[in-house]
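J.: What shape does this take:
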Amino acid sequence: MVTTLSAGVPFYAKADSADLLPDMGTTAGGTLTIDQELQMGDFYVRQLRGSAPLINDPLLNEYINQLGQRLVAHAYSVRFPFHFFIVNNDELNAFAFFGGNVVLHSAIFRYTDNESQLASVLAHEISHVTQRHLARAMEDQKRKSPLTWVGVLGSILLTMASPQAGMAGLTGTLAGTQQGMISFTRSNEEEADRIGLQVLQRSGFDPEAMPNFLQKLADQSRYSSKPPEMLLTHPLPDSRLSDARNRANQMPRIVLQSSQDFLFAKVRILGMYGTEDHPLTDDYLKQLSQGNVREQNAAQYGKAMLFYKAKSNTQARNILEQMLSKDPGNIWYLDLLTDIDIDQKRAPQAIARLEKANAATSKDAVLQLNLANAYIEGGQFAKASRLLYRYTYAHQDDPNGWDLLTQAVAEQGLRAQELAARAESMALVGRLDQSISMLSNASALSKLGSLDQARYDARIDQLRQLQKRFQQYQKG
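T.: Numbering: from 1, shown residues only. Reported below is the predicted structural model:
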């Protein structure tokens, strides 16, 4: 049976039902409209891409977004399209900000024992967004101190630029010397737990996973000189833990094995992005190899990854080819085997394998990007650019697509197209001035009155309008 990432749910899922629990306090409409939150979210996502160590790994991005969208589909009061990101950070934390954006630190994978625990973290953060906690905090602070409200925007930007601080900078600005703001934040946490538990259960995950994960945080805080960063940004008084435990106990227990994709994702995080202090270890792989079939597959995948990282490509290839023979089309195996082929200057072999998997016509982003990369490495630049133009049209916010397209058209000497592709990469990281300058140069290189010139000029107008909208946040 072919193993792929499970089919995604609609990108923007909105339930018709009202929240099962009453909203706390104001709806935040007095400070921010939905459109304003979306604009602010767009602004800060660009800053995040430009300043934080985001993991732009197509496999991991696809997994975390499909898991997140599964939860969003079972949330109520969804007003935004959700986006999920992973920051390469060994400090345990997660946070949500304007416009349906949720960020996980990579350490979350190391600390979660199973997929339900990971889903519980996402459900909690999704609930912060659906309840508009950040907008409410801004409204409350604006009413108390308008000048401090301006500082909130700057603190969010600081948070994005320095993810090691998590939401600490933002929390500090909001709280200031106001004791009331601290209790307001704790109330938000309890509400996010309660609603998150409902989302978790409706999505088919084990509700016990949330209090179990919170207990792990509490235990680590109790026996460590330095509490987890997550507890600095997400207060965990005893009442919060007991409330989550009591509520989960009242729900039907769901016995659920972690998906194959979760196990692959966890092994990949540890293997590709682990630190010297927390690498992918032989002991962990041995533990997995003694588990169920999914865990055994993850152990083999991990072994192949360690061989690849050690430049022992022949051993890695032997493992992966054997696994692919049992599970043809598995994108986790195909992706790693493509990397090995490229390392060994065997791009034609990678192209043949990916074309056999129908990567060019697949809707799967991982397969398309792998094939485009293999085309470039194999010198088939025209094929790569045709594929990447389709890809970037469908995935305009993916830096991977624009980076590969830049390479493909540059190799063909298409300077205007190269500048235009670079401009999109600059826009994604918030460098709008540079993006406009590159597009202006691309327009100047194009035939007067041509369709390309008209397209570049229209894009310049769009970016200038975006600049105007973003000015207020840059001042903040």
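
J.: Following the helix or strand containing A192 in sequence, what is the next regular element?
T.: If you go by DSSP states H and E, A192 is part of helix 179-202. Helices and strands here follow DSSP H and E; after helix 179-202, the next one along the chain is helix 209-223.

J.: Mind giving me the packing neighbours of that next one?
T.: In terms of contacts (3 or more Cβ pairs under 8 Å, 6 or more residues apart in numbering; DSSP states H and E), helix 209-223 is packed against helix 115-130, helix 179-202, helix 229-233, helix 238-249. In short, each C-beta sits where N, CA and C put it, glycine included.

J.: quick one: average confidence on the helix holding A192?
T.: Mean per-residue pLDDT for helix 179-202: 74.

J.: Ok, stretch 409-420 next?
T.: Computed over stretch 409-420, the average pLDDT equals 98.

J.: contacting residues around it?
T.: 376, 381-382, 385, 406, 421, 438-439, 441-443, 445-446, 452, 456, 459 (Cβ atoms under 8 Å, 6 or more residues apart in numbering).

J.: Which ones among those map onto helices?
T.: Counting by DSSP state H, the part of those found in helices is 376, 381-382, 385, 406, 421, 438-439, 441-443, 445, 452, 456, 459.

J.: Give me the buried entries from these.
T.: 376, 381, 385, 406, 421, 438-439, 441-443, 445, 456, 459 (16 or more other Cβ atoms under 10 Å).

J.: contacting residues around E355?
T.: By Cβ under 8 Å, 6+ apart, the neighbours of E355 are L371.

J.: and if you look at F98?
T.: 32, 37-38, 40-41, 44, 134-135, 156.

J.: Mind putting these into a markdown table with secondary structure?
T.: Listed next are these as a markdown table, based on DSSP: H, G, I helix; E, B strand; the rest coil:
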| residue | secondary structure |
| --- | --- |
| L32 | coil |
| E37 | helix |
| L38 | helix |
| M40 | helix |
| G41 | helix |
| Y44 | helix |
| L134 | helix |
| A135 | helix |
| I156 | helix |
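
J.: what's in contact with stretch 311-319?
T.: Taking Cβ under 8 Å, 6+ apart as the rule, stretch 311-319 contacts 300, 303-305, 307-308, 336-337, 340, 343-344.

J.: ok, 7 Å please
T.: Residues outside stretch 311-319 that contact it (Cβ atoms under 7 Å, 6 or more residues apart in numbering) are 300, 303-304, 307-308, 337, 340, 343-344.

J.: For these, give me CSV that also has pLDDT.
T.: Formatted as CSV, these follow (pLDDT from 0 to 100):
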residue, pLDDT
Q300, 98
K303, 97
A304, 97
F307, 97
Y308, 97
L337, 97
I340, 97
D343, 95
Q344, 95
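
J.: and these, which are buried?
T.: Looks like these have 300, 303-304, 307-308, 337, 340 buried, using 16+ other Cβ under 10 Å.

J.: In helices, which of those residues appear?
T.: Those of these lying in helices (DSSP H): 300, 303-304, 307-308, 337, 340.

J.: Need the residue closest to the centroid of this protein.
T.: F85 (1.7 Å; Cα atoms, centre = their mean).

J.: for it, helix, strand, or coil?
T.: strand.

J.: Nearest residue to it in space, please, no chain neighbours.
T.: V103 (4.8 Å; Cβ to Cβ, 6 or more residues apart in numbering).

J.: doesn't that neighbour fall inside a strand?
T.: Yes: secondary structure of V103 (three-state DSSP): part of a strand.

J.: Tell me the pLDDT of it.
T.: 90.

J.: can you count the residues close to it?
T.: 25 (other Cβ atoms under 10 Å).

J.: correct me, but it touches V87?
T.: Yes: assessed by Cβ atoms under 7 Å, V103 is found in contact with V87 at 5.8 Å.

J.: neighbours around P328, how many?
T.: For P328, using other Cβ under 10 Å, the count is 15.

J.: residues near A410, how many?
T.: Counted with other Cβ under 10 Å, A410 comes out at 17.

J.: ok but it is inside a helix, no?
T.: Yes: applying three-state DSSP, one finds A410 inside a helix.

J.: so how far is T338 from it?
T.: Computed with Cβ to Cβ, to the nearest Å, the distance linking A410 and T338 is 21 Å.

J.: next one: E191
T.: Distance from E191 to T338, by Cβ to Cβ: 45 Å.

J.: of those two, who's got more company?
T.: T338 (26 against 20).

J.: Look at that one and report its pLDDT.
T.: Confidence score, pLDDT, at T338: 97.

J.: mind listing what it touches?
T.: So T338 contacts 350, 354, 370, 374 (Cβ under 7 Å, 6+ apart).

J.: Make CSV from those and add neighbour count to it.
T.: Below are the contacts of T338 laid out as CSV (neighbours: other Cβ atoms under 10 Å):
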residue, neighbour count
A350, 24
L354, 25
N370, 28
A374, 27
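
J.: can you redo these as a markdown table with distance to A394?
T.: Converted to a markdown table, the contacts of T338 look like this (distance: Cβ to Cβ, whole Å):
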| residue | distance to A394 |
| --- | --- |
| A350 | 22 |
| L354 | 18 |
| N370 | 16 |
| A374 | 19 |
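
J.: From those residues, pick the one nearest D433.
T.: Nearest to D433, judged by Cβ to Cβ, of those is N370 at 33.5 Å.

J.: related to what we said a few turns ago, which of the buried ones among the ones in helices among the contacts of stretch 409-420 sit farthest apart?
T.: I376 and S443 (25.9 Å).

J.: Excluding chain neighbours, what is closest to L263?
T.: Nearest to L263 is A298, by Cβ to Cβ, 6+ apart, at 3.8 Å.

J.: Was I right to think that neighbour contacts V267?
T.: Yes: A298 is in contact with V267 according to Cβ under 7 Å; the separation is 5.0 Å.

J.: about what we covered before: return the residues in contact with the residue nearest to the centre of the chain.
T.: With Cβ under 7 Å, 6+ apart, F85 has these contacts: 48, 54, 103.

J.: just curious, which of those is nearest to S239?
T.: V103 (26.8 Å).

J.: Next, the contact list for the closest one, please.
T.: By Cβ under 7 Å, 6+ apart, the neighbours of V103 are 85, 87, 94-95.

J.: show me where pLDDT drops low in this structure?
T.: Applying pLDDT under 70 to the chain flags the ranges 1-31, 137-186, 221-238, 474-476.

J.: mind listing what L354 touches?
T.: Applying Cβ under 7 Å, 6+ apart, the residues near L354 are 334, 338, 367, 370-371, 374.

J.: Recalculate using a threshold of 6 Å.
T.: Applying Cβ atoms under 6 Å, 6 or more residues apart in numbering, we find L354 in contact with 370-371.

J.: any idea how far D364 is from it?
T.: 11 Å.

J.: Check A299 too.
T.: 24 Å.
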